[in-house]
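> Pasting a predicted model and its sequence here:
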Amino acid sequence: MDLEKRPRESSGTRVGPLERRAAESPVRREPEASGGCLAVAIRIPVRIIVFVLVVPVRMLWDALVVIGRFLNDVLLRPLGRALLWLARAVFVWPFVGLWRYVVVPVGKALGWLGNVLVVVPLVWLYRHVLTPVGQAIAWVARGFGAVLGWIARGVGAALGWVYTHLLTPFGHAVSWVLKGLGAGLAALGIGVWAVVAWLAKYLVAVPAVWLYTWVLEPLGRGISWCGKGLVWLVSMIVTGVGTALHWIARVVLVLPALALWRWILTPVGRVLAVIGREVWDALGHAWRVAGYISLAVGRFLGTLLRWIFVEPVRWVYRSVLTPVGHVVRDTVLRPAAQAARGVGRATRQALAAARESVRQTRADIRRMLFGEPRQPLPADRREPSGREARTLGRSTTALTKD
């Protein structure tokens, strides 16, 4: 719901477009800056001072922008295009011509020579020399491999017989002997392990358990109780010292710093924030107003320049140069163009007649030297031609007609 009342347009008063846009668009209405009487007292002088300082800067900036655009359109852009064309003519086009008319033909010639002098002889050598030699070597290798296979099969059969009839019985005998020795050594080891375990139990384990139960455990409990008491005493001392240091630091450092922040720095910061915000707003207002002023001055200077220089030049062009140009065009240029077109047409007709005469003369000389060209003989076609051709969509053909 809109709670703000908008200004109503009366029937007798015309409202301008700027006032109507400002009344209809709530975005362009700037909210009043908060800050109380301090902001109101600072705003007006700051805006006046900033406006006086910003107007010359804005007008100088607009003048530099206009000069820069003029220089860009008149000098820099044509100069850049000329330099680009010159760079292409000096650097790009020579290399393109060198690549297209020198490097590419030379490369094709070298490729043809390499094909004729290297590739073709190598292909012939591979096809007619190396391939037969390789096939012969492969045939010999296959025969040698077959002989080696026969020898290997014979040696394998002999080794299999030795393994089956000699090595297997000998291995069985050695395994039986080793199993007997292993059983004897296992029985001896079990007896020795039992004796060592009994001695370790009654000479080491029992005295160690008695020592831990009646000596080390009571001693450890006493040391633990003493350590807990010492830790409690040290913690109480550290807690007291920490509490004292906390209150000393609070009274000496924290409370003064808090008072300094709350009663000095915060008000000063708020005042500086109000001043900075007003200065920034004043800069914005002054920059926009200076832009309008600079625009008005620029339009005035443009209108003055147009009435002093452009309009007289336009009047001279329209009233003097255009009629003179029309007269020159109608009396000099157009007849000269028509005469030039007539001369060109006559020249083209003469050249066409000369080319036709040269063509006829060349044909007569060829006919005198080599005779009439042979006419192509008609081919013997199996299918009939002309009206005797085969008919489609009928049961009769040219060969079965009466």
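Yes, it's here.

> what's the next secondary structure element after whichever strand or helix holds A109?
For A109, the enclosing helix or strand under DSSP states H and E is helix 104-114. Per DSSP H and E, the first helix or strand lying C-terminal to helix 104-114 is helix 120-125.

> which residues in the stretch 51-200 of the chain form helices?
77-87, 93-98, 104-114, 120-125, 131-162, 168-200 (DSSP state H, counting those that start in this stretch).

> Can you lay out these as a markdown table showing distance to V279?
No exception for glycine: its C-beta is placed from N, CA and C like everyone else's. Shown next, in a markdown table, are these (distance: least, C-beta to C-beta, whole Å):
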| stretch | distance to V279 |
| --- | --- |
| helix 77-87 | 40 |
| helix 93-98 | 59 |
| helix 104-114 | 70 |
| helix 120-125 | 87 |
| helix 131-162 | 95 |
| helix 168-200 | 95 |
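
> tell me, which of the ones you listed is the model least confident about?
Mean pLDDT is lowest for helix 168-200 out of those, coming in at a mean of 78.

> Next, the angle from that helix to helix 131-162.
Inter-element angle recorded for helix 168-200 and helix 131-162: 70 degrees (by axes from the mean of the first three to the mean of the last three C-alpha atoms, to 10 degrees).

> Return the distance of helix 168-200 from the chain's centre.
78 Å (C-alpha atoms, centre = their mean, to the nearest Å).

> re the thing from before, and D281, which of the helices of the stretch 51-200 of the chain is closest to it?
Nearest to D281, of all these, is helix 77-87, at 39.3 Å by C-beta to C-beta.

> Pull out the buried residues from the closest one.
By neighbour count on 16 or more other C-beta atoms under 10 Å, the buried set for helix 77-87 is empty.

> Show me what it is packed against.
Applying 3 or more C-beta pairs under 8 Å, 6 or more residues apart in numbering; DSSP states H and E, one finds that helix 77-87 contacts no other helix or strand.

> Just the CA trace of it, in PDB.
These are the backbone C-alpha positions of helix 77-87, laid out as PDB (Å, rounded to 0.1, in the frame of the first residue of the first chain):
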ATOM      1  CA  ARG A  77      42.400   5.600 -36.600                       C
ATOM      2  CA  PRO A  78      43.600   6.600 -40.200                       C
ATOM      3  CA  LEU A  79      47.200   6.500 -39.000                       C
ATOM      4  CA  GLY A  80      46.600   3.000 -37.500                       C
ATOM      5  CA  ARG A  81      45.000   1.700 -40.700                       C
ATOM      6  CA  ALA A  82      47.900   3.200 -42.800                       C
ATOM      7  CA  LEU A  83      50.500   1.500 -40.500                       C
ATOM      8  CA  LEU A  84      48.500  -1.800 -40.700                       C
ATOM      9  CA  TRP A  85      48.500  -1.600 -44.500                       C
ATOM     10  CA  LEU A  86      52.200  -0.700 -44.500                       C
ATOM     11  CA  ALA A  87      53.000  -3.600 -42.200                       C
END
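
> circling back to that earlier point, for the helices of the stretch 51-200 of the chain, which one sits closest to L265?
If we rank those by C-beta to C-beta, the stretch that ends up nearest is helix 77-87, at 55.9 Å.

> buried sites along the longest helix seen in the chain?
Longest helix in the chain, counting residues (DSSP state H): helix 266-305. For helix 266-305, burial by neighbour count (16+ other C-beta under 10 Å) applies to 274, 277-279, 281-283, 285-287, 290-291, 294.

> got those residues as CSV, with pLDDT columns?
Below are the buried residues of helix 266-305 laid out as CSV (pLDDT from 0 to 100):
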residue, pLDDT
V274, 81
R277, 84
E278, 81
V279, 83
D281, 85
A282, 81
L283, 84
H285, 82
A286, 82
W287, 86
A290, 82
G291, 83
S294, 83
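
> As TSV, those with distance to A339 would be great.
Formatted as TSV, the buried residues of helix 266-305 follow (distance: C-beta to C-beta, whole Å):
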residue	distance to A339
V274	86
R277	81
E278	81
V279	78
D281	76
A282	75
L283	72
H285	71
A286	70
W287	66
A290	64
G291	61
S294	58
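
> Nearest to G68 among these?
Comparing the buried residues of helix 266-305 against G68 with C-beta to C-beta places S294 closest, at 14.9 Å.

> That closest one against R58, yeah?
Yes: S294 lies in contact with R58 (C-beta atoms under 8 Å); the separation is 5.5 Å.

> low pLDDT regions in the stretch 301-402 of the chain?
373, 375-402 (pLDDT under 70).

> ranges for the helices of it?
Per DSSP H, counting those that start in this stretch, the stretch 301-402 of the chain carries helices over the ranges 311-316, 322-328, 334-370.

> pull the CA atoms of the first one into CSV?
It refers to helix 311-316. What follows is helix 311-316, C-alpha atoms only, in CSV (Å, rounded to 0.1, in the frame of the first residue of the first chain):
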residue,chain,number,x,y,z
GLU,A,311,26.9,27.5,-42.0
PRO,A,312,29.0,29.8,-44.2
VAL,A,313,30.9,26.8,-45.7
ARG,A,314,27.6,25.0,-46.2
TRP,A,315,26.1,28.1,-47.9
VAL,A,316,29.1,28.4,-50.2
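
> Against which helices or strands is that helix packed?
Helix 311-316 packs on no helix or strand, going by 3+ C-beta pairs under 8 Å, 6+ apart.

> likewise the last one?
Under the contact definition 3+ C-beta pairs under 8 Å, 6+ apart, helix 334-370 sits against no other helix or strand.

> Nearest to V133, out of the helices of the stretch 301-402 of the chain?
V133 sits nearest to helix 334-370 of all those, at 55.1 Å, using C-beta to C-beta.

> Centre of the chain to that closest one, how far?
For helix 334-370, the distance to the chain centre is 61 Å (C-alpha atoms, centre = their mean).

> what do you get for stretch 159-166?
Centroid displacement of stretch 159-166 relative to its chain, using C-alpha atoms, centre = their mean, is 75 Å.

> Kindly check the end-to-end length of it for me.
10 Å (C-alpha to C-alpha, to the nearest Å).

> which parts of it are buried?
Buried residues in stretch 159-166 (16+ other C-beta under 10 Å): none.
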